[in-house]
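Trainee: sequence? don't have it. structure:
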């Protein structure tokens with residue numbers, strides 16, 4: 001079972017370079033988080049990373065990361081400014097779901113999202129928000145997200161869609 005194959009936990013500072021490399025592999029250059037920005041996010045908000053470590057190899061297979069905020073709407077600045085992080089924020093803006101190609105198609109992305117949402121719900125967060133490309137809408141809808149329509153985000157010169165998932169009602 002997939003749950004037994006991976007250890008899910010917060011990222012460790014020493015894993016920053018590995019996370020940055022996974023981001024480089026998983027996203028085209030115009031969309032990927034830079035190495036410097038990834039390291040900054042890890043310094044500011046390691047508890048908002050959830051990594052999947054392959055128990056057999058010790059290798060990071062993927063991760064999900066975000067920043068908590070009291071804002072309700074995703075904006076591109078969240079990608080570029082880890083200083084927008086508010087530890088007490090009621091919402092989490094998801095910044096990246098990364099699964100290495102050799103681990104795809106096994107349900108790891110869904111497991112990361114499910115565990116992350118439950119963890120943040122348990123912290124009292126109200127909502128998780130993300131942007132995705134049109135071809136990923138169906139995947140996120142199946143994971144329980146609601147399509148909010150075309151996003152104001154123009155990150156990487158792409159057209160994005162806002163997706164949200166309520167965790168705890170106000």
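Mentor: Alright, I've got the coordinates. What you are looking at is a predicted structure, and each value in this text was computed from that prediction instead of being measured.
Trainee: Centroid-wise, who is the farthest residue in this protein?
Mentor: In the chain, counting by CA atoms, centre = their mean, residue 56 sits farthest out from the average C-alpha position, at 23.8 Å.
Trainee: quick one: that residue is in a strand?
Mentor: No: the assignment for residue 56, made by DSSP: H, G, I helix; E, B strand; the rest coil, is coil rather than a strand.
Trainee: Just confirm it contacts residue 4, I think it does.
Mentor: No: Residue 56 is not in contact with residue 4 according to CB atoms under 8 Å; the separation is 10.5 Å. All C-beta atoms are positioned from the backbone trio N, CA, C, and that covers glycine.
Trainee: sorry, back to before: next, count neighbours for the spatially closest residue to the residue farthest from the centre of the chain that is not a sequence neighbour.
Mentor: Distances taken as CB to CB, 6 or more residues apart in numbering place residue 5 nearest to residue 56, at 7.5 Å, with adjacent residues excluded. Burial of residue 5 is recorded as 16 neighbouring residues (other CB atoms under 10 Å).
Trainee: now residue 123
Mentor: Residue 123 has 14 nearby residues by other CB under 10 Å.
Trainee: List the buried residues in the helix or strand where residue 112 lies.
Mentor: In this structure, residue 112 sits in helix 108-122 according to DSSP states H and E. With burial defined by 16 or more other CB atoms under 10 Å, the residues of helix 108-122 counted as buried are 108, 109, 110, 111, 112, 113, 115, 116, 117, 119, 120, 121.
Trainee: surely the second one meets residue 52?
Mentor: So that's residue 109. No: in this structure, residue 109 is not within contact of residue 52 by CB under 8 Å, at 9.4 Å.
Trainee: Mind listing the shared neighbours of those two?
Mentor: 62, 99 (CB atoms under 8 Å, 6 or more residues apart in numbering).
Trainee: how close does the closest residue to residue 154 other than its chain neighbours sit to residue 152?
Mentor: Sequence neighbours aside, residue 76 is the residue nearest to residue 154 in space, at 6.7 Å (criterion: CB to CB, 6+ apart). The gap separating residue 76 from residue 152 is 8 Å, by CB to CB, to the nearest Å.
Trainee: quick one, which of these two is more surrounded?
Mentor: residue 76 (15 against 11).
Trainee: got the contact list for the more buried one?
Mentor: 153, 154, 155.
Trainee: buried set for stretch 78-87?
Mentor: 78, 79, 82, 84, 85.
Trainee: No more questions from me, cheers.
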